[in-house]
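Visitor: next comes the sequence, and after it the predicted model I'd like to discuss.
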Amino acid sequence: MNIKKSILILTILTAAAFGGCSAKETKPELGTNVNYEKMKEYPKWVIQPTYDNGIAGVGSAVMTDLGFDFARKEAMANARMDLGGQIRTKVDGLFKSYTSKIGVGESTSVDSLSENVIKELVSVDLKGASLKETWISPEDELFVLMTVDSEMLIESAAKAINNPNNYTDENLKLKIKAESSQAELERELNAYFGSSNNEDFPGTTVEEKSSDE
């Protein structure tokens, strides 16, 4: 019995050892699907998109028999998705900082306003996004760089926050409309979206324009 047990244990250990080796051999290492040597040939903006006057997003699409124009539109759509994600992140950060400073705090009304502002910015600003660069890799993948100006983002955000239709809570609207709150909003907008060239706070300008329409 002891011999049989020893043989059984040895068999199990051997199988486990081979199984472990097999797993190690077939398991891909992190990043093996990325050709870092090829990426050295890529333009800097593909690897790290930046834009001094606003935000930048990169999108790509593989060139196919459908042609360059089809790939360009697909790449631009992906770049807009990249920009939209950045806008959402910035607005989320903006509202967390802004509402805490004016004493509103977290609430479903604040979340609703934040979501409405994001939707308005994405619908307005992504339509005005500019195509800055295009590049086709040796693997026939088209890359595009698209940007949105900070001034446009600030103006759109101020307009959305001052839009009464974006509020579900009258008290929240009155709190944000307060003069001190508007001054704080200006600081937060510039902090999250960059400096505006306008001398006046864009929120005031937007309200005046919208009232004339």
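Guide: Received the coordinates, thanks. Numbering: from 1, shown residues only.

Visitor: ok, now which ones touch residue 71?
Guide: By Cβ atoms under 8 Å, 6 or more residues apart in numbering, residue 71 lies in contact with 61, 62, 63, 64, 142. Using the backbone N, CA and C atoms, a C-beta is placed for each residue, glycine as well.

Visitor: surely the second one is in contact with residue 140?
Guide: Going back to what we said before, that points to residue 62. Yes: Residue 62 is within contact range of residue 140, at 6.5 Å (criterion: Cβ atoms under 8 Å).

Visitor: rewinding a little: which two from the contacts of residue 71 end up farthest apart in space?
Guide: Farthest-apart pair in the contacts of residue 71 is 64 and 142; separation 10.1 Å (Cβ to Cβ).

Visitor: between the two, which one's more packed in?
Guide: Using other Cβ atoms under 10 Å as the criterion, residue 64 and residue 142 rank with residue 142 on top: 20 against 11.

Visitor: got the buried residues for stretch 73-88?
Guide: 74, 75, 76, 78, 79, 80, 82, 83, 84, 86, 87, 88 (16 or more other Cβ atoms under 10 Å).

Visitor: again with stretch 104-112
Guide: Buried, per 16+ other Cβ under 10 Å, within stretch 104-112: 104, 109, 110.

Visitor: quick one, phi psi at the spatially closest residue to the second one that is not a sequence neighbour?
Guide: In other words, residue 109. In this structure, residue 109 finds its nearest non-sequential neighbour in residue 169, 3.6 Å apart by Cβ to Cβ, 6 or more residues apart in numbering. When quoted as degrees, to the nearest 10, the phi and psi of residue 169 stand at phi -130, psi 120.

Visitor: any low-confidence regions in this structure?
Guide: Applying pLDDT under 70 to the chain flags the ranges 1-39, 195-213.

Visitor: for it, just list every one of the helices.
Guide: Counting by DSSP state H, one finds helices in the chain at the ranges 2-26, 36-39, 44-47, 68-101, 108-125, 150-161, 170-177, 179-193, 202-212.

Visitor: between helix 150-161 and the fourth one, find me the angle.
Guide: Read it as helix 68-101. Orientation note: helix 68-101 sits at an angle of 60 degrees relative to helix 150-161 (axes from the mean of the first three to the mean of the last three Cα atoms, to 10 degrees).

Visitor: just give me how far helix 68-101 sits from the chain centre.
Guide: 4 Å (Cα atoms, centre = their mean, to the nearest Å).

Visitor: so that helix versus helix 108-125, what angle?
Guide: Using the same axes, to 10 degrees: helix 68-101 against helix 108-125 is 150 degrees.

Visitor: helix 68-101 to helix 170-177, inter-axis angle?
Guide: 90 degrees.
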